[in-house]
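Participant: Sequence isn't available, so here's the structure alone:
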């Protein structure tokens, strides 16, 4: 006769629902309020202001959950690496400061890019990244 699993084993087999913690809420808020993509370290520093003592491992765990929920998107920006931003679904481009490494969102798109594509090719998407100095770094080096 087969035995049914004990309550302890049955609960261990079920996946746990993510907990709503102050730390997780802080990381969510950081991405919701960010004006551009952030590195994991930038996100941790901002979350620390909201929830002192938050660790980098907690930020990574929350980020994995936010990526799975499609609330945050990873963006691989040449010159800046992989950054993360709220998945707003709006098409935009980036400006990367080569002095401080920050990436800024550019809201305008030049459009009419199909004209640049060779005959017979089909443009399906594009990414534009501008590189230079942000206003803060420009004045610091002047």
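Facilitator: Alright, I've got the coordinates. The structure presented is a predicted model; accordingly, all values stated were derived computationally and were not measured. Numbering: from 1, shown residues only.

Participant: Now do the strands in this structure.
Facilitator: Read by DSSP state E, the chain holds these strands, from start to end of the chain: 72-77, 81-86, 93-97, 103-106, 129-132.

Participant: helices and strands around the fourth one, which ones?
Facilitator: Counting contacts by 3 or more C-beta pairs under 8 Å, 6 or more residues apart in numbering; DSSP states H and E, strand 103-106 packs against strand 93-97. From N, CA and C alone the C-beta is placed, and that goes for glycine too.

Participant: Kindly calculate the angle that the strand it packs on makes with strand 72-77.
Facilitator: Between the axis of strand 93-97 and that of strand 72-77 there is an angle of 60 degrees, by axes from the mean of the first three to the mean of the last three C-alpha atoms, to 10 degrees.

Participant: Report the angle between strand 93-97 and strand 81-86.
Facilitator: The directions of strand 93-97 and strand 81-86 differ by 130 degrees, with the same axes, to 10 degrees as the criterion.

Participant: which other residues reach strand 93-97?
Facilitator: Contacts made with strand 93-97 from outside it, assessed by C-beta atoms under 8 Å, 6 or more residues apart in numbering, are listed as 36-37, 75, 77-80, 102-106, 108-109, 127-134, 137.
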